[in-house]
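Undergrad: model this:
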Amino acid sequence: MADLQITNAQHKLLSKLYYDDPLGFIEDVIVYEEKPDENGESKLIHVGSQQREVLKAVAKSGRDIMPVSVKSGHGTGKTCVASWISLWYLFTRRNSKCMIVAPTEKQAKNGLWQELKFWIDNSPFLSSFFVFGSELVNVRDFSGEGTQAGWQIELRTASCQENVAGMHGKGGTLIIIDEASGITDEGIWAALDGATTDKNSILLMIGNPTKLYGRFYDSHNSMASKYRRITLSCEAKDYRGNRKLIRQWLETHGRTSDFYRVRVLGEFPKSESDSLISIDELTSCYTRTENRGLYYPIISIDPSDDGGDCTDIVAGVGYCVKYWHTIQGKTDGIKNVAQVLKAARYLRANAREFGFPDHLPIDVIIDVTGVGTSTRDLLRLQERRENIRVIENKSSWAGDEACEKMKDLLWYTMKSILAELSIPYCIESEDYSNELTKKEFYNVLEEQICSRKYTQPNGKIVIETKQQLKSRGMKSPDKGDALSLYCYQLQKYKPKVCYGSITSGVRIRLSGNQYGVV
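TA: The predicted structure is shown next:
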């Protein structure tokens, strides 16, 4: 189908017609049809009932400037409806501007920005009106000679207040905050508020409700009267996501669990939970700026060997996880070692970028309980050639004041390290064996880590066993176990403070057997 060109006069008529009608614009202007299947058949997609509620709220905000806050479960179409709103707004308001803001550039580019590209590319009308770029979507000049200056959608990250300030369009300003729960700096919110004080301006925040603090949380609680509030749930009748997965989550987690509340119901987690690690604690790692205070390269592996679970391999430098690989099903030591060496060579090849001296040996910590011995033995044969240092972790340890057993200590250590750890969200890489490139990986990671419950029968942390997890319908927490090994090894390199007398100062363990006094 050829592109449908639009004249200046036609645009004036259409923008007036759809100025207060985003739903009509979507149904009439956006070519709204699924791609043909292998038989060449396709069908129209209808706007969902929950998406309609968002569109109605935004249309009202276009008249009274009251901001809209949308909390959502997983796969409810929130990203899709946000992209429609930005296209509708820009089309119907000449010389307007839209700013899409996310905690990190990767979150924005792998979410809303890609959704924009999809709808522009798949519409002969929109592709003739908009020009899609890596950080800008411009409006074409109606004469066909370039683009309209200043009439555009911009992509920005909430890295600092200055990065989101000074955004004003002559015809109005639309600001869409994607993954809004991840922006907690009030200075940034003040700058965003200032950008939408003009007439015809709209502020839309949207995301999963993972945090119990920050403006997004307040917009549904203490500041609720100042916002139009909407909740998108996966339990809606016309939900078009993976219903089988939702049923599985209901069976394994229960409707009152924090995981189900956040990922399905679109509700904020409860303030108290019997899960050792909350969703907030884990998802905060996705947007955290890298801390390069520790530059030691580490690889952890939780082998399944001939077992029925998965083998997970985590590789990183200090607080920064850089590589993750999962081997599905039954594996042997040879296959495990091949993947560990691949991870080691990946770290070594990127040593300068990742910030560690490439001559340093790479620690490889491995769980040797039961099935890990063959992997350990084969890895030791590669120590000198690959400049790696194989470290065993055994479960024979008796415990300490805080934890009952080694498995409890590993996860308790992981909980503390998560406050500083960086796990990048959906990295761009040509190596798709790296799980960090896949969106679905993060859902599994959250389910495995944030669902493990704990008790304190004698004042000590005791986490669920794998048998207890599986009795609740959960899979083995292989990803959590692998990450806990990584964090446990990293903990050994953190400076440890030992307080002496006032005159002797503070004795600090730097690394290994080296100490300093301050």
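
Undergrad: outside of stretch 440-459, which residues touch it?
TA: For stretch 440-459, the external contacting residues (CB atoms under 8 Å, 6 or more residues apart in numbering) are 74, 249, 252-253, 257-259, 263, 274-279, 282-283, 286, 324, 326, 404, 408, 411, 414, 425-426, 435, 461-464, 469, 474-475, 477-480, 483. Where you see a C-beta, it was placed from the backbone N, CA and C, and this is true even at glycine.

Undergrad: Keep only those of these that are in helices.
TA: Among these, DSSP state H puts 249, 252-253, 258-259, 279, 282-283, 286, 408, 411, 414, 469, 478-480, 483 in helices.

Undergrad: Can you turn the buried subset of the residues you listed into a selection I can paste into PyMOL?
TA: Buried subset of the ones in helices among the contacts of stretch 440-459, written as a PyMOL selection, criterion 16 or more other CB atoms under 10 Å:
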select buried, resi 249+252+253+258+259+279+282+283+286+408+411+414+469+478+479+480+483
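
Undergrad: where are the low-confidence patches of the stretch 251-400 of the chain?
TA: 271-273, 305-308, 370, 395-400 (pLDDT under 70).

Undergrad: And the helices in it?
TA: 258-260, 279-287, 333-349, 351-354, 373-380, 383-386 (DSSP state H, counting those that start in this stretch).

Undergrad: next one: the stretch 101-250 of the chain
TA: Under DSSP H, counting those that start in this stretch, the stretch 101-250 of the chain gives helices at 105-109, 112-121, 126-129, 161-164, 186-195, 215-219, 243-253.

Undergrad: Make CSV from these and add distance to Ile313 to it.
TA: Formatted as CSV, the helices of the stretch 101-250 of the chain follow (distance: least, CB to CB, whole Å):
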stretch, distance to Ile313
helix 105-109, 22
helix 112-121, 28
helix 126-129, 42
helix 161-164, 35
helix 186-195, 36
helix 215-219, 34
helix 243-253, 25
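
Undergrad: which regions of the stretch 51-200 of the chain sit below the pLDDT cut-off?
TA: 143-146.

Undergrad: how much space between Gly169 and Arg255?
TA: The gap separating Gly169 from Arg255 is 43 Å, by CB to CB, to the nearest Å.

Undergrad: returning to what we had before: save the helices of the stretch 251-400 of the chain as CSV, and put in distance to Asp64 too.
TA: CSV is the format used below for those (distance: least, CB to CB, whole Å):
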stretch, distance to Asp64
helix 258-260, 35
helix 279-287, 32
helix 333-349, 53
helix 351-354, 49
helix 373-380, 63
helix 383-386, 64
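
Undergrad: Show me the one of those that comes nearest Ile175.
TA: helix 279-287 (18.4 Å; CB to CB).

Undergrad: and the closest one, C-alpha only, in CSV?
TA: Output in CSV follows, covering the C-alpha atoms of helix 279-287 (Å, rounded to 0.1, in the frame of the first residue of the first chain):
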residue,chain,number,x,y,z
ILE,A,279,10.4,-6.8,44.0
ASP,A,280,11.5,-3.3,44.8
GLU,A,281,14.9,-4.4,46.0
LEU,A,282,15.5,-6.5,42.8
THR,A,283,14.0,-4.1,40.2
SER,A,284,16.0,-1.2,41.6
CYS,A,285,19.1,-3.0,40.2
TYR,A,286,17.8,-2.5,36.7
THR,A,287,18.1,1.3,36.8
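
Undergrad: Now do that helix: everything it contacts.
TA: By CB under 8 Å, 6+ apart, helix 279-287 touches 103-104, 107, 179, 181-182, 208, 210-212, 258-259, 262-263, 269, 321, 415, 418-419, 421-425, 442, 445-446, 449-450.

Undergrad: Write a ChimeraX command that selects only the buried members of those residues.
TA: Here is the ChimeraX command that selects the buried residues among these (16+ other CB under 10 Å):
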select :103,104,107,179,181,182,208,210,211,258,259,262,263,269,321,415,418,421,422,423,424,425,442,445,446,449,450
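
Undergrad: Settle it for me: which of Gly169 and Arg255 has more neighbours?
TA: Gly169 (24 against 11; other CB atoms under 10 Å).

Undergrad: Contact partners for that one?
TA: 93, 95-98, 150-151.

Undergrad: could you redo the last one with a cut-off of 6 Å?
TA: 96-97 (CB atoms under 6 Å, 6 or more residues apart in numbering).

Undergrad: What of the one 5 residues further on?
TA: Counting by CB under 6 Å, 6+ apart, Leu174 makes contact with 89, 98, 202.

Undergrad: The first one: which element?
TA: Assessed by DSSP states H and E, Tyr89 sits inside helix 78-92.

Undergrad: distance between that helix and the chain's centre?
TA: 22 Å (CA atoms, centre = their mean, to the nearest Å).

Undergrad: quick one, that helix and helix 112-121 angle?
TA: Counting by axes from the mean of the first three to the mean of the last three CA atoms, to 10 degrees, helix 78-92 lies at 60 degrees to helix 112-121.

Undergrad: what does helix 78-92 contact?
TA: 15, 18-19, 22, 25-26, 51, 54, 58, 72, 96, 98, 111-112, 115-116, 119, 153, 174, 176, 206, 232.

Undergrad: That helix: which residues count as buried?
TA: For helix 78-92, by 16+ other CB under 10 Å, it's 78-92.

Undergrad: how about the CA coordinates for that helix, as PDB?
TA: C-alpha atoms of helix 78-92 as PDB (Å, rounded to 0.1, in the frame of the first residue of the first chain):
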ATOM      1  CA  LYS A  78       0.100   0.000  28.700                       C
ATOM      2  CA  THR A  79       3.100   0.700  26.400                       C
ATOM      3  CA  CYS A  80       0.900   0.300  23.400                       C
ATOM      4  CA  VAL A  81      -1.700   2.900  24.600                       C
ATOM      5  CA  ALA A  82       1.100   5.300  25.600                       C
ATOM      6  CA  SER A  83       2.500   5.200  22.100                       C
ATOM      7  CA  TRP A  84      -0.900   5.900  20.600                       C
ATOM      8  CA  ILE A  85      -1.400   8.900  22.900                       C
ATOM      9  CA  SER A  86       1.900  10.400  21.900                       C
ATOM     10  CA  LEU A  87       1.100  10.000  18.200                       C
ATOM     11  CA  TRP A  88      -2.500  11.400  18.700                       C
ATOM     12  CA  TYR A  89      -1.200  14.400  20.700                       C
ATOM     13  CA  LEU A  90       1.500  15.300  18.200                       C
ATOM     14  CA  PHE A  91      -0.800  15.000  15.200                       C
ATOM     15  CA  THR A  92      -3.700  17.100  16.600                       C
END
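
Undergrad: Need the nearest residue in space to Ser69, chain neighbours excluded.
TA: Leaving aside its chain neighbours, Ser69 sits nearest to Ser219 (3.9 Å; criterion: CB to CB, 6 or more residues apart in numbering).

Undergrad: The one you found contacts Val68, correct?
TA: No - applying CB atoms under 6 Å, one finds Ser219 not in contact with Val68, separated by 9.2 Å.

Undergrad: Pull the distance from the longest strand along the chain to the chain's centre.
TA: Longest strand in the chain by number of residues (criterion: DSSP state E): strand 147-157. Relative to its chain's centre, strand 147-157 lies at 25 Å (CA atoms, centre = their mean).

Undergrad: now that strand against helix 112-121, angle please.
TA: Using the same axes, to 10 degrees: strand 147-157 against helix 112-121 is 150 degrees.

Undergrad: Run through who's touching strand 147-157.
TA: By CB under 6 Å, 6+ apart, the list of residues contacting strand 147-157 reads 86, 90, 95, 98-101, 104-105, 108, 113, 131, 135-141, 163-164.

Undergrad: And the buried ones among those, selectable in ChimeraX?
TA: Buried residues within these, by 16+ other CB under 10 Å, are selected in ChimeraX with:
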select :86,90,98,99,100,101,104,108,113,131,137,138,139,140,164
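
Undergrad: and Phe356, which of the helices of the stretch 101-250 of the chain is closest to it?
TA: Nearest of these (CB to CB): helix 105-109, 22.0 Å.

Undergrad: Show me the contact partners of that closest one.
TA: 102, 155, 157, 179, 425-426.
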